[in-house]
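*Asks:* here is my input; please provide its structure:
(chains A, B and C)
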Amino acid sequence: MTRITGGLIDRSQTLNFTFDGKRYAGHPGDTLASALLANGVRLMGRSFKYHRPRGVVAAGSEEPNALVTVGSGARATPNTRATVVELFDGLQATSQNRWPSLAVDALGVNDLLSPFFAAGFYYKTFMWPKSFWEKLYEPIIRRAAGLGKLPMQADPDAYDKGYLHCDLLVIGGGAAGLAAALTAARAGAQVVLADEDFRLGGRLLAESHALDDAPPTDWLAGVTAELRSLPNLRILTRTTVFGAYDHGIYGAVEHVSDHLAEPGGRVRQTLWRITAKRSLLAAGAIERHIPFANNDRPGVMLAGAMRAYANRWAVTPQARDGDRVAIFANNDDGHRTALDLMARGVPIFGVIDPREDAPRLGECQLFAGGQVTGTQGRLGLSSIRIAHQGRNDWYECAALGVSGGWNPNLHLAAHHRGRPVWDDALQAFVPGPDGPPGLCAIGAAAGQGTTAAALASGAKGAQDALRDLGIAASLPDLPVAEDHSAPPAPIWHVPGPGRAWVDFQNDVTVKDIALAHRENMRSVEHMKRWTTLGMATDQGKTANVTALAVMAELTGQSIPQTGTTVFRPPYTPVAISALSGGDPGTHFKPTRLTPTHHWAAERGAVFIESGQWMRAQYYPRPGETHWRQSVDREAQAVRAGVGICDVTTLGKIDVQGGDAAAFLDRLYANTMSTLKVGRVRYGLMLREDGFVYDDGTCARLAQDHFVVTTTTANAGLVYRNMEFARQGLWPDLDVQIISTTDAWAQIAVAGPKSRALLERVVDDADLSNEAFPFMACDTLTVCGGLRARLFRISFSGELAYELAVPARYGAALMDRLMAKGADLGVVPYGLEALNVLRIEKGHCTAAEVNGQTTAQMLGLGRMVSQKKDALGVVLSRREGLVGERRALVGLMPADPATPLVGGAHLFTAGAAQKTETDQGWITSVCYSPHLNSHIGLGFLENGADRLGEEITAANPLAGTDVTVRVVSPHFLDPEGGRLRD
Amino acid sequence: MTDLIPTTAFGTTTARTATHGALSMAEDVTTALASVALRRGADVPVPLGLPLPGPGGWAGADGAMAVCMGPDQWLILGADGAGGDFAADIAAAAPDCSVTEQTDGWVILDIRSKDDADGAPMAELLTRLVNLDPATLAPGRATRSQTGHLGIIALRLAPDRLLLLGLRSAAESLWQHLDGTLRRLAVPR
Amino acid sequence: MIIPHPLLGPRDSQEFTIMGDAKLLARPDGLADGAEAAFFDYLYLRDNPAGLHRELWYHEQGDRSWLVVTRDTLTHEILGAELASDVARRLAEGAA
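*Replies:* You can find the predicted model right below:
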């Protein structure tokens, strides 16, 4: 065991967990990584490409190596960084990308074949033959190189979505973030403080130096308590701000119950969309390593991480007590790890510092001007080679901390194409001026890396941000903290033979970068893609700057001349489940139900989606085994007697005002102002480009009051266009509109006995043909005083009405109509029968009005008024549209039993079937129980002149040709006598 | 008086309710709705004695309320008026206006936080429902917005009370969204 | 994005739909001579500049106002928003 004294763990409780099935124990406060280290487990994964044994490198979310699968069954979450997994009792973790086991990985052979897997290997090797890529190469590569596997089961947990609005968002709860949050919250601003860790404090949790002569945890406890007491501050721990978006919008994931063995009804994660007037990036800094030969062995880690494990989690990376530890650092900060470890009784073998003038900061061996040039050890570090004063010797060493300086963690500042700028004094990129507007970096993220500077820049940053918003904030008293800082020496890697890893997660070495350079990948963007450096799930957080430095060395340019780092959302991977929010499955997309939905469901109706709506498709009766039987029966019942059908889904828009009629004249291609009160007119709406947009009816209830209907599909769009016309085109017309689609249950009552049925439900209204003729409308009462609207309109071609009552009475009205019409043979009919009835009459729906059809094609050319200006009228007269020869026709197969197929293309009989000879297409098909034949509607070249001709309907997908006869689209009652009776 | 029996927006004869933790919601089936839009040159009316509020506001009290729907357009809510001809009543009270019956266009859900004077559960609920600055729905304010991909009219009647109006046809989807949200919020963190 | 609604204050663009160039407000007179050519220009020759752009946004999940929003398409910076009806009235008065 390598657990030492101290640390921020609760030793009074023991948490049991497993890794690859083996049982271990840890404590509350541990991460999976710290608990594994405490148990002497250094080998945590296999590398992506070469299957090299890997251990933990970092102590935070930048971890490239220790990717594990957490949980089992449906909850298994692959590619989780062990460094951010909060330990809980019963946690199960599994290593990835190895077979049969982590210690014995057969694909470790890839490492021996590494000369064949160099940069650009795939591009060069798997080019020929082309067809092999998908079938052979890719599947093999996918199996050999990769990450964890998804469980392929539905996610059993709940998620939530939320929205926060604040004056100031503080991203990161370390020294700078806490100082900022305190400053802003005390000033009364609305503040959100988000930190990815489960404990506030950031780097302060990992350091030993004092704040006001006391441990940093004392100050943290006081500040945290005060912050939690302020109602204008929301603290989100375990929350990763993953992206910066336009206008101060940030995406964040709160890990609500990921740290619990069983969510117990809690959501697992909450996706927050945070809108902040100002934001401060206090994400700290990420230490960089110094590539040298075989620097990826378990036991080699970042010096700052090593310090964090010792101070916060009381563990050392030693495999056994007494193992010697060394530090390789090009800066003073690295030495501090040696000092902290020595203070905790860990034997330090020495500090290797490439600087000839390296300071001697503690009582241990110092290799000033030295470099680490190699490592040994089978599944973990056992010795290192040090080049020093002309010698290059091996030394026994079980753990090595490496520090190449710190990179400000500017990830979010680089979203929005924010370009970091190089700071020569710091030897690092810092956030540039063109990052997300309103975002400002503070603390180590801004290069203010000492505790004293971080605290001061945090408080000042909050004060400045609030001043922009007109909120005065005073600076809080800040504790006295260490303020020593020295930039690292510009030593970026150790040259020499052997592979020196730059990007651990994607297995990219210094040699790969050099090879890319030799192969003329001179732009950093080309180098990235050729080597895949920085393109793993960690986006190269620990690799990119080092890679730039290596490239700069190769090109002889400076680092900023070579390029810069680019980061994109998300900062760390985000689960798709979190993005999908709290309404999974069928509730993800809202559905709309008609007022008679439950009524229909009780009668066994089969439903069909129609846009957002669910509509009754047909009502099967006992004994009916095929939908056609139900549909044929319903359609026949309508033509023989009477049927009722819910048509509420058609859009209904109330149009009122002194200029309502003039307004409709400009919206519809035909004229509405001449419509008399109490009458309905068919309305044809064009798009401004002259094609047909929508159709419906306009009913004039009063001189200044119309109710217009739209198709189901276009209801929202027509309403939007009407608002545009009203507000944007003709703002001086006196017209007011509002949707009433949902307010009225509208029931079609169709069939020769519809009048007889309706006469039994209306109160004192004369429905005779004389009093209430075709295309009449009126407001009246039904069923003993219920207010209603009655329209004598017909989609079926029969004598028909549409009766509208307040939606809450829709179901009761259906019941009443069924009861009153029993002796008339009344049936409810669904969308399918409605479709049969309208096809038999040649009435159009969205299948015909599909955005490519003109009024002329529909046989409605004469409806387009030439005497007025209305939407689309001018361009409907343009060349190409006026010469349109395709026209709506009816089609009947030569053999009535042969079904037609919608979408089939029409050709002159015997003609070659090519684009040039294409004569049109079929739009709608059905079986007509009245004609005892399959029938269809379609558009046919010169269709109006070809009645009686036999042509071919070709379905090239199925390879079938059907001979069809061209007929009038009005299969039944072409004179329209029935609907006028 | 008709003998037809009305159904709720959920197809039942009794109003749907749910309680999860500190929050409860109930369908309001008795309130009547009518929209009022100003015609050109018309004076702003004072229907039922209601001063019509400006953008983002509502006015009135439990008996009758008015909420601003958009420029020169309001929705009037009349308690216990759903059985009558509310639009006709409002039309009489708002001459020179375009009045439209809206009663059955919407499902009305009354969401309350119990035993809680400071409205904390309600404030927390709002963070899950709407992407709005809390001031937009502070007590006394109202707005149209969306929740769960559905358009809504929201009135913050009191710190512990929120009235939500959604499309009647989408009542079931809205309910599922709200019920799930309340349920998740009720689990202690 | 956040749209500064002239009546309601800042609102998330989730509540809006967009229709592009605000030139659509300047609809030609369909009864004038040369209307067909004017409509062709109106409908098909719309701008989509890299930079400042006046565009139409509709507050569909809100108060149903059409707005003219001035936006820099390169940075997404929004410089202003006004009611389309106000813009349309100015157009009608010949003072676009």
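*Asks:* okay, now the unreliable bits of the chain?
*Replies:* Unless you meant another one, I'm taking chain A. Along chain A, the parts satisfying pLDDT under 70 run over A:1, A:116, A:121-130, A:133, A:137-138, A:140-146.
*Asks:* you answered for a different chain; I wanted chain B.
*Replies:* Counting by pLDDT under 70, the ranges of chain B that qualify are B:116-117.
*Asks:* tell me where the longest helix sits in it.
*Replies:* Longest helix in chain B, counting residues (DSSP state H): helix B:171-186.
*Asks:* who does that helix touch, helix- and strand-wise?
*Replies:* In terms of contacts (3 or more C-beta pairs under 8 Å, 6 or more residues apart in numbering or on different chains; DSSP states H and E), helix B:171-186 is packed against strand A:592-593, strand B:17-20, strand B:23-28, strand B:106-113, helix B:120-129, strand B:142-147, strand B:150-158, strand B:161-167. To be clear about C-beta, it is placed using only N, CA and C from the backbone, and glycine gets the same treatment.
*Asks:* try 7 Å this time
*Replies:* strand B:17-20, strand B:23-28, strand B:106-113, helix B:120-129 (3 or more C-beta pairs under 7 Å, 6 or more residues apart in numbering or on different chains; DSSP states H and E).
*Asks:* nearest to chain C, of these?
*Replies:* Between chain C and the helices and strands packed on helix B:171-186, the shortest gap by C-beta to the nearest C-beta is with helix B:120-129, which sits at 12.9 Å.
*Asks:* chain C: helices as residue ranges?
*Replies:* With helices called from DSSP H, chain C shows them at C:35-44, C:84-92.
*Asks:* mean confidence score for the longest one?
*Replies:* Helix C:35-44 comes out with an average pLDDT of 96.
*Asks:* that helix and chain A, are they touching?
*Replies:* Yes: applying C-beta under 7 Å from any C-beta of the partner chain, one finds helix C:35-44 in contact with chain A at C:35-36, C:39, C:43.
*Asks:* host element of B:V36?
*Replies:* strand B:32-38 (DSSP states H and E).
*Asks:* write out the residues of chain B neighbouring chain C.
*Replies:* Within reach of chain C by C-beta under 7 Å from any C-beta, chain B has these residues: B:55-56, B:69-71, B:131, B:143-146, B:151.
*Asks:* compare the helices and strands packed on helix B:171-186 and give me the one nearest A:R419.
*Replies:* Nearest to A:R419 among those is helix B:120-129 (34.1 Å), distances taken as C-beta to C-beta.
*Asks:* what about dumping the CA coordinates of that closest one to CSV?
*Replies:* Written as CSV, here are the backbone C-alpha positions of helix B:120-129 (Å, rounded to 0.1, in the frame of the first residue of the first chain):
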residue,chain,number,x,y,z
ALA,B,120,-38.3,28.3,-3.8
PRO,B,121,-39.7,25.1,-5.3
MET,B,122,-41.5,27.2,-8.0
ALA,B,123,-38.3,29.1,-8.8
GLU,B,124,-36.5,25.7,-9.2
LEU,B,125,-39.3,24.4,-11.4
LEU,B,126,-39.0,27.4,-13.7
THR,B,127,-35.3,26.7,-14.2
ARG,B,128,-36.4,23.3,-15.6
LEU,B,129,-39.3,24.5,-17.7
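*Asks:* so what touches it?
*Replies:* A:160-164, B:22-23, B:113, B:134, B:137, B:147, B:159-160, B:162, B:181, B:185 (C-beta atoms under 7 Å, 6 or more residues apart in numbering or on different chains).
*Asks:* that one to strand B:106-113, inter-axis angle?
*Replies:* For helix B:120-129 against strand B:106-113, the angle by axes from the mean of the first three to the mean of the last three C-alpha atoms, to 10 degrees is 140 degrees.
*Asks:* off-centre distance for helix B:120-129?
*Replies:* Relative to its chain's centre, helix B:120-129 lies at 17 Å (C-alpha atoms, centre = their mean, to the nearest Å).
*Asks:* same check on stretch B:156-170?
*Replies:* Here the centre of stretch B:156-170 is set off from its chain's centre by 4 Å, with C-alpha atoms, centre = their mean.
*Asks:* what about the nearest residue to C:A26 once chain neighbours are set aside, neighbour count?
*Replies:* Using C-beta to C-beta, 6 or more residues apart in numbering or on different chains and skipping residues adjacent in sequence, the residue nearest C:A26 is C:L91, 5.7 Å away. By the criterion of other C-beta atoms under 10 Å in any protein chain shown, C:L91 has 18 neighbours.
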